[in-house]
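**Student:** Predicted model follows, preceded by the sequence.
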Amino acid sequence: MTTASLDTARAVLEELVAAGMRHLVVAPGSRSAPLAYAAAAASAAGALEVHVRVDERGAAFTALGIARATGRPAGVVTTSGTAVGNLLPAVLEADHAEVPLVVVSADRPPELRGTGANQTTRQPGIFGDHVRASVDLLPDDDVPARLAAALAALAGRGPDGPRPAGPVQLNVALREPLHPADEDGAVLTAWARRLVSRAGTAPDPGPRAVEAGPVRDPGPGAGTARSVVVAGDAAGAGAARFAEVCGLPLLAEPSSNARSGPHAAGAYRLLLDSPLGRRIERVLLVGRPTLSRPVGTLLARAEVATAAVRPAPVAWYEPGRRREQVLRSWAEAAAFTGRGAPGWAAAWQEAGAAADDAVARLLSDGATGRATGPAVAAAVWEACRRDGAVLVAGSSNPVRDLDLAARPGPGSPLVLANRGLAGIDGTVATAAGVSLGTGRPVRAFLGDLTFLHDASSLLLGTGEREPDLQLVVLNDGGGGIFTTLEHGAVGEREDYRAVVERFFGTPHEARLDALCAGYGVAHRRAATVAELEQALTAPVRGRSVLEIAVDRRGLRELHAGIRVSVVRAAARAAVPAAGRSGRGS
């Protein structure tokens with residue numbers, strides 16, 4: 001018979017394995033030791049894959065990446081005290097992105113709470129309403145009964161029907177002794193072998209996406225309209241199929257994973273300010289659009305009717321807080337959009353192709369004399385399309401550069417991004433988790449500040465499984481996105497130039513090569529896009545950083561030039577096409 005704390009730890013892991021968890025990330029600690037010993041036994045038997053990380057924040061984002069990529073719950077185990085607080089950024093992201101993250105926080109038993117005992121704070125409910133359920137599991141509790149409701153909430157099941165999936169907290173109070181006795185090893189081994197049978201062999205469901213029900217042509221009775229489909233984060237293949245069947249242009253963000261559809265338009269956010277964009281009458285939203293101010297402007301236009309197809313509840317939406325009509329099925333969506341007007345989809349296809357060509361011409365090294373973010377984004381996109389690597393898009397400029405420069409089309413890569421709250425937190429760890437969870441090579445495209453913010457996640461303990469992860473770091477020596485916002489215009493004024501540079505540009509002189517050397521991670525620098533493209537032909541094996549320097553100066557002018565070129569090219573291509581008939585599909 002094992003100790004009471006080991007019995008509790010075994011029971012908790014057994015319920016999580018039965019709920020579909022296959023990966024557990026453990027951060028070391030004393031109070032959580034029973035969970036670590038049980039996890040080690042489960043790992044040795046093959047019931048769980050366990051990863052050890054010394055930093056709780058990175059551990060949580062590693063688990064988040066695993067859960068986001070596989071669609072299965074993934075857990076993170078921490079000791080008590082500040083260790084639990086370090087999980088909050090990942091919990092926030094998991095909440096808004098509906099990721100099944102399981103926080104298993106070890107805690108002091110009730111008799112030590114409120115006494116000033118070391119590493120003891122108020123852990124139950126510490127994440128507030130950012131978790132779907134929080135269970136304070138006390139010694140001698142019936143573990144399966146206490147966890148049942150929380151594990152149902154983790155999977156998106158509630159007492160009144162479906163609800164958004166998302167994170168849960170299992171706060172586990174453990175009494176000493178916290179280590180196994182000599183005779184406990186055999187008991188743990190036998191238990192772990194039995195646990196394998198509960199693990200099952202069900203395939204990973206994959207990244208969360210809007211439920212793709214049957215999509216049918218609305219037929220001539222539905223009428224025609226100049227409608228468009230806007231596919232935001234996690235829209236999935238359903239958005240692409242709907243646009244194709246209904247003959248509608250598709251405006252797809254990179255992490256929508258709908259950009260491979262035949263009706264996806266390139267550089268669409270710049271087309272919205274063209275004569276073609278101003279003819280839009282109806283907008284159907286799928287997923288959650290988060291990137292583009294032009295899309296926000298489109299949705300706010302009083303003369304444009306808007307609707308969103310949401311077959312199931314979503315975590316980020318409160319009824320009555322947005323103007324679009326909520327539709328519960330694709331059939332309702334088809335009735336709203338109708339079929340595309342004759343020539344409408346063809347006009348967007350031709351305008352999108354012309355826009356892509358204009359962007360490509362302007363971003364070539366010969367045209368600009370230097371590497372730029374959009375040019376690097378296009379190179380990374382094409383490399384992932386070519387070799388099948390998963391693309392993890394960093395927040396801020398990189399994901400927007402992809403949105404601008406990544407050509408839609410067949411074979412587009414799977415793109416994942418932390419768009420729940422769109423922070424730069426934990427991007428390195430998230431990307432590592434995506435590779436560990438899927439077993440696939442991953443390229444992460446991120447900025448230098450995003451990389452530096454999570455550089456500690458490069459630390460990998462001896463003997464830990466190494467992800468196949470290439471970090472393509474766009475190094476502009478600071479925060480480039482603010483240059484493209486209103487702050488960039490303020491920074492052009494003499495009296496604010498230094499202020500904007502210090503507080504928004506946040507310049508630095510960090511040496512990424514030295515940092516990588518300290519962590520034992522391969523580093524390579526590319527001076528031009530051509531050198532980058534050559535480096536990207538190598539297969540992604542193990543961990544590496546590929547750095548390319550760009551200049552933040554002139555970024556506003558670059559994007560203004562792109563905007564003008566795209567609008568002109570689109571106008572030449574789209575106006576004749578819009579007048580043609582019989583090409584609405």
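**Tutor:** Yes, it's here. Numbering: from 1, shown residues only.

**Student:** how many neighbours does residue 343 have?
**Tutor:** Taking other CB atoms under 10 Å as the criterion, the count of residues near residue 343 is 19. All C-beta atoms are positioned from the backbone trio N, CA, C, and that covers glycine.

**Student:** Equivalent analysis for the one 10 residues further on, please.
**Tutor:** Residue crowding around residue 353 was assessed by other CB under 10 Å; the count is 18.

**Student:** any idea which element it lies in?
**Tutor:** Secondary structure from DSSP states H and E places residue 353 in helix 344-363.

**Student:** pLDDT value on the residue nearest the centre of the chain, please?
**Tutor:** By CA atoms, centre = their mean, the chain has its centre lying nearest to residue 417, at 2.5 Å. At residue 417, the predicted lDDT confidence score is 97.

**Student:** Surely it touches residue 393?
**Tutor:** Yes. With contact defined as CB atoms under 8 Å, residue 417 counts as touching residue 393 (4.2 Å).

**Student:** hey, what's in contact with both of these two?
**Tutor:** Listed as contacting both residue 417 and residue 393 by CB atoms under 8 Å, 6 or more residues apart in numbering are 254-255, 399.

**Student:** Output the residues you listed as a markdown table; include the columns neighbour count and distance to residue 235.
**Tutor:** A markdown table is the format used below for those (neighbours: other CB atoms under 10 Å; distance: CB to CB, whole Å):
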| residue | neighbour count | distance to residue 235 |
| --- | --- | --- |
| 254 | 29 | 11 |
| 255 | 29 | 9 |
| 399 | 27 | 15 |
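
**Student:** what would those look like in a markdown table with secondary structure and pLDDT?
**Tutor:** As requested, these are exported to a markdown table (DSSP: H, G, I helix; E, B strand; the rest coil; pLDDT from 0 to 100):
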| residue | secondary structure | pLDDT |
| --- | --- | --- |
| 254 | helix | 96 |
| 255 | helix | 97 |
| 399 | helix | 96 |
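
**Student:** pLDDT averaged over stretch 115-131, what's the number?
**Tutor:** Averaged across stretch 115-131, pLDDT comes to 91.

**Student:** So which residues make contact with that stretch?
**Tutor:** Contacts for stretch 115-131 (CB under 8 Å, 6+ apart): 31, 79-82, 84-85, 87-88, 91-92, 95, 103, 105, 107-108, 112-113, 134, 136, 166-169, 171.

**Student:** start to end distance for it?
**Tutor:** Start-to-end span of stretch 115-131 (CA to CA, to the nearest Å) is 27 Å.

**Student:** what does stretch 444-455 give?
**Tutor:** 13 Å.

**Student:** likewise stretch 511-527?
**Tutor:** Across stretch 511-527, the terminal residues are separated by 15 Å (CA to CA).

**Student:** Can you get me the centre-to-centre distance for it and its chain?
**Tutor:** With CA atoms, centre = their mean, to the nearest Å as the basis, stretch 511-527 stands 25 Å off its chain's centre.

**Student:** wait, what's in contact with residue 170?
**Tutor:** By CB under 8 Å, 6+ apart, residue 170 lies in contact with 12, 102-105, 135, 137, 147, 150.

**Student:** Among those residues, which pair sits farthest apart?
**Tutor:** Using CB to CB, the two most remote members of these are 105 and 147, lying 13.8 Å apart.

**Student:** which of these two has more neighbours?
**Tutor:** Ranked by neighbour count (other CB under 10 Å), residue 105 and residue 147 place residue 105 first, with 30 against 24.

**Student:** which element follows whatever helix or strand the more buried one lives in toward the C-terminus?
**Tutor:** Applying DSSP H and E as the criterion places residue 105 in strand 101-107. Sequence order places strand 133-137 as the next helix or strand after strand 101-107, per DSSP H and E.

**Student:** Can you pull out the low-pLDDT segments for the chain?
**Tutor:** 1, 212-214, 219-222, 365-369, 574-585 (pLDDT under 70).

**Student:** still on that earlier bit, list only buried entries from the contacts of stretch 115-131.
**Tutor:** Using 16 or more other CB atoms under 10 Å as the burial test, these include 31, 79-81, 84-85, 87-88, 91-92, 95, 103, 105, 107-108, 112-113, 134, 136, 166-169, 171 as buried.

**Student:** Pull up the gap between the closest residue to residue 108 other than its chain neighbours and residue 85, please.
**Tutor:** Closest residue to residue 108 apart from its sequence neighbours, by CB to CB, 6 or more residues apart in numbering: residue 120 at 4.6 Å. Residue 120 sits 13 Å away from residue 85, going by CB to CB, to the nearest Å.

**Student:** Buried residues, the longest helix seen in the chain. List them.
**Tutor:** Determined from DSSP state H, the single longest helix within the chain is helix 555-578. Within helix 555-578, the residues that count as buried by 16+ other CB under 10 Å are 555-556, 558-559, 562-563, 565-567, 569-570, 573-574, 577-578.

**Student:** Please apply the same query to stretch 290-297.
**Tutor:** Across stretch 290-297, burial judged by 16+ other CB under 10 Å covers 290-292, 294-295.

**Student:** what's the answer for stretch 51-63, then?
**Tutor:** Result for stretch 51-63 [16+ other CB under 10 Å]: buried residues 51-53, 55-63.

**Student:** again with stretch 446-465
**Tutor:** 446-455, 457-458, 460.

**Student:** Likewise for stretch 493-501?
**Tutor:** 500-501.

**Student:** Distance from it to the middle of the chain?
**Tutor:** With CA atoms, centre = their mean, you get 34 Å for stretch 493-501.

**Student:** before we move on, what about stretch 421-434?
**Tutor:** With CA atoms, centre = their mean as the basis, stretch 421-434 stands 7 Å off its chain's centre.

**Student:** how long is it from one end to the other?
**Tutor:** Here the two ends of stretch 421-434 are set 18 Å apart, with distance taken as CA to CA.

**Student:** And the helices in the stretch 101-250 of the chain, which stretches?
**Tutor:** Taking DSSP state H, counting those that start in this stretch as the criterion, the stretch 101-250 of the chain contains helices spanning 143-154, 184-199, 237-246.

**Student:** cool, the stretch 251-400 of the chain as well?
**Tutor:** Taking DSSP H, counting those that start in this stretch as the test, the helices found in the stretch 251-400 of the chain are 268-271, 293-300, 330-337, 344-363, 365-368, 373-387, 397-405.

**Student:** how about the ones you listed in CSV, adding distance to residue 198?
**Tutor:** Below are these laid out as CSV (distance: least, CB to CB, whole Å):
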stretch, distance to residue 198
helix 268-271, 47
helix 293-300, 45
helix 330-337, 36
helix 344-363, 50
helix 365-368, 56
helix 373-387, 36
helix 397-405, 39
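
**Student:** So which of those helices is nearest residue 191?
**Tutor:** Once these are compared by CB to CB, helix 373-387 is nearest, at 41.8 Å.

**Student:** in that closest one, what's buried?
**Tutor:** Buried residues in helix 373-387, counted by 16+ other CB under 10 Å: 373-385.

**Student:** From those, pick the one nearest residue 35.
**Tutor:** Nearest to residue 35, judged by CB to CB, of the buried residues of helix 373-387 is residue 384 at 36.6 Å.

**Student:** Surely that closest one and residue 390 touch.
**Tutor:** Yes. If you go by CB under 8 Å, residue 384 and residue 390 touch, sitting 7.3 Å apart.

**Student:** Give me the phi and psi angles of residue 447.
**Tutor:** phi -90, psi 170 (degrees, to the nearest 10).

**Student:** who touches it in this structure?
**Tutor:** Residues in contact with residue 447 (CB under 8 Å, 6+ apart) are 394, 396-398, 424, 473-476, 479-480.

**Student:** ditto for residue 363
**Tutor:** Here residue 363 is in contact with 372, 374-375, 378, 405, 562 (CB under 8 Å, 6+ apart).

**Student:** do the same with residue 80
**Tutor:** Taking CB under 8 Å, 6+ apart as the contact definition, residue 80 lies against 29, 31-32, 105-108, 119-121, 123.

**Student:** which one of those residues is nearest residue 549?
**Tutor:** residue 29 (40.0 Å).
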